[in-house]
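Q: Here is my input, please return the structure:
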Amino acid sequence: MIKVFNLNRIRIGLLTAMSLSGPAYAEDNSKANKNNKIEVIQVTAQKRSQSINEIPMAISAFGSAQLDELGIKDTADLAAVVPGFNYSDTAFGPPVYTLRGVGFNESSATATSTVGIYVDEVAIPFPIMTKGANLDLERVEVLKGPQGTLYGRNSTAGAINYIAAKPTDNFQSGFKSTAGNFQKISAEGFVSGALTDNLNARLALRLINSAEGWQDSISRHDKLGEQDKLSTRLTLDWAISDTTNALIRGSYFKDESDSLAPQAIQYNPAKAGGVANASWPIFGPILDGSNPDLFPGNGNGIQEADWTAGRNPALDHETKNMSLKLTHEISDSMIFTSLTSYSDFDDNNSQYERGGFGGVTAGFVRDLVNLTPTSLFDSGVDYEDFLQGEYAHYSDDEYVTSDYVFQNGSITSFSQEFRVNGETENVNWILGVYFSKSDVDYNTLQDFGTSTNVNLFKHPASGQVLGFNQLRNEVNQESETWATFASADWNVTDELTVTTGLRYTNDSTDYKGCTKDVDGTAAPIWSAFFGVPIEPNSCLTVHNFPGSDARVDWVYDTLKEDSVSWRFAANYEMDRDTSLYASYSRGLKQAVSHHWPQ
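A: Predicted coordinates:
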């Protein structure tokens, strides 16, 4: 399903330049240290250095010292200090960012975010690639409201721009570490200095590790929630000539932390094919209410949960980024900028628990053969049929899950932006073009194990008992974006500045995907019900049913759109410390979500 969002926002606000020491805010951030003082807050929200009081936009800005004091180590942590910003995890890994209530609750890796994330103005294309972006920062700026006329990717909620610390021409170094609960240790350091007369370098590294998990299993002595993260970035600042400079950045992030387990609230087994509910020995001890501790979701907090015994739900994410920023002074009043970036993300068999159930052993399932209740079907059913595919070969002491996911995938993305900034006596302007291309390949194995929705299914016509445990979802999505944009600040009077911005975007997305059989376990069901011959490990997605030309095949789809977004704002400086602004802006976001037949 393809969803297209557009959003118009009108904002009227009052900006007051507060004497804060350290980085500061255009909005009140009560959790920050307000006792520190500074005269002027400089930000680059409009792609040039300005006082925060000059910009007709709601902005929260934090410097490196403040980020350290607040313990901000990830984009998710900003939710604790930025008003209106929220973060949540999803079942399949990608985070969901929401700003002022505008978000997109989509768990697929192919979906983009309503909140744009940038590092030194370079867009991070997908939310799953944003973790670890805030290493060794000079500051972070959170821009609220639709963005698009200045930043490379359209976003309807806002933008988060990380400004990384830059190389210095004199030698500098630093190191800091913290220790916390669950044996958590965080260590971070950097070295910076000149390599030659015109080349400076900066290397930063962060390690986060916890030797103890914080989630407790409710069925056994086991823990989940250990962290294991590595971030590093190398930045080169090369003064090619007096008028030309190159900023070269390479970064690497790896996350092998445990993924979180869900909390069970209630088990309500349903029978595949609409068969009426009956007594199920596997879930009977849970459903009869004699063990309320098996429903931690009914309590407070998320520390108590459960996951399949013998398995370790964990991430295996690896992200590599390279970017080149070239700036050339065409004249004293005009600068040309080129931003080139390449990103690569790999998901190497990450695992996610989705059932919130500790599972049962294969031996326990086999023992149920002699307890088969005839009330399930008229003819009765062997519980041995629960053990399909690889489970048929499980030893008696191995645990069978109720819902578990394995993910493998890769994302590659390239972007290029060219722009020219200029200024005259009364106008500061920007003209630019932007191009991006991304390729997403993902393979998701859904392991339903003992789920009653897919096991012990009886064909209503033939009476044949069928069942399966696993399905595989495969998707490829290729996207291209072309855009041109312009923005200008018109200094109408010494006190009044009017901002106008316009952007034209052309988006194109090609999609290919299907749900596949795994080792011949699901193919017999599809063949029996849809009358279509299906080979093991082939597509199960049925087209043209119930016609005589019914077939199984990949799903192909293409979306092509163009759009126009704009911004109009006015900023009036009432006095040195206070300004009044009004802003009207329109942003658009294209998002693609996929719903698989199961």
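Q: quick one, phi psi at the residue positioned nearest the centre of the chain?
A: The chain has residue 127 as the residue nearest its centroid, 2.7 Å off, counting by C-alpha atoms, centre = their mean. Here the main-chain torsion angles of residue 127 (degrees, to the nearest 10) amount to phi -60, psi -40.
Q: Return the distance of it relative to residue 327.
A: Plainly put, residue 127 is 29 Å away from residue 327 if you go by C-beta to C-beta, to the nearest Å. Any C-beta I mention is one placed from the backbone N, CA and C, and that applies to glycine too.
Q: Then residue 71?
A: In terms of C-beta to C-beta, residue 71 sits 34 Å off from residue 327.
Q: which of the two has more neighbours?
A: For the pair residue 71 and residue 327, the greater number of neighbours falls to residue 327 (16 against 12), based on other C-beta atoms under 10 Å.
Q: can you confirm the more buried one is in a strand?
A: Yes: the assignment for residue 327 by DSSP: H, G, I helix; E, B strand; the rest coil puts it in a strand.
Q: hang on, isn't it packed against residue 239?
A: No: with contacts defined as C-beta atoms under 8 Å, residue 327 does not count as touching residue 239, sitting 10.5 Å away.
Q: Could you tell me which residues touch both of these two?
A: Taking C-beta atoms under 8 Å, 6 or more residues apart in numbering as the contact rule, residue 327 and residue 239 both touch residue 245.
Q: Now residue 296: closest residue in space that isn't a chain neighbour?
A: Excluding its sequence neighbours, the residue lying closest to residue 296 (C-beta to C-beta, 6 or more residues apart in numbering) is residue 304, at 3.9 Å.
Q: Mind pulling the model confidence for the one you found?
A: As predicted, residue 304 sits at a pLDDT of 89.
Q: likewise the one 3 residues further on?
A: pLDDT for residue 307: 93.
Q: pretty sure it is touching residue 351, no?
A: No: checked against C-beta under 8 Å, the pair residue 307 and residue 351 is beyond contact range at 9.5 Å.
Q: more neighbours, those two?
A: residue 307 (29 against 20).
Q: Which element, helix or strand, includes that one?
A: Using DSSP states H and E, residue 307 sits in no helix or strand.
Q: again, but for the one 5 residues further on
A: For residue 312, there is no host helix or strand (DSSP H and E).
Q: List the contacts of it.
A: By C-beta under 8 Å, 6+ apart, the neighbours of residue 312 are 224, 258, 351.
Q: what would these look like in CSV with distance to residue 358, secondary structure and pLDDT?
A: Output for the contacts of residue 312, formatted as CSV (distance: C-beta to C-beta, whole Å; DSSP: H, G, I helix; E, B strand; the rest coil; pLDDT from 0 to 100):
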residue, distance to residue 358, secondary structure, pLDDT
224, 12, strand, 94
258, 16, strand, 93
351, 15, strand, 95
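Q: circling back: wait, the residue nearest to residue 296 touches residue 214, no?
A: No: at 10.5 Å, residue 304 does not count as touching residue 214 under the criterion of C-beta under 8 Å.
Q: can you count the residues close to residue 560?
A: 10.
Q: Then it would be within a strand, right?
A: Yes: judged by three-state DSSP, residue 560 forms part of a strand.
Q: got the CA positions of stretch 61-68 in PDB?
A: Included here for stretch 61-68 are C-alpha records, laid out as PDB according to Å, rounded to 0.1, in the frame of the first residue of the first chain:
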ATOM      1  CA  ALA A  61      19.600  23.700  19.900                       C
ATOM      2  CA  PHE A  62      22.100  21.900  22.200                       C
ATOM      3  CA  GLY A  63      25.900  22.000  22.200                       C
ATOM      4  CA  SER A  64      28.400  19.300  23.000                       C
ATOM      5  CA  ALA A  65      28.800  20.100  26.700                       C
ATOM      6  CA  GLN A  66      25.000  20.100  27.200                       C
ATOM      7  CA  LEU A  67      24.600  16.900  25.300                       C
ATOM      8  CA  ASP A  68      27.200  15.300  27.600                       C
END
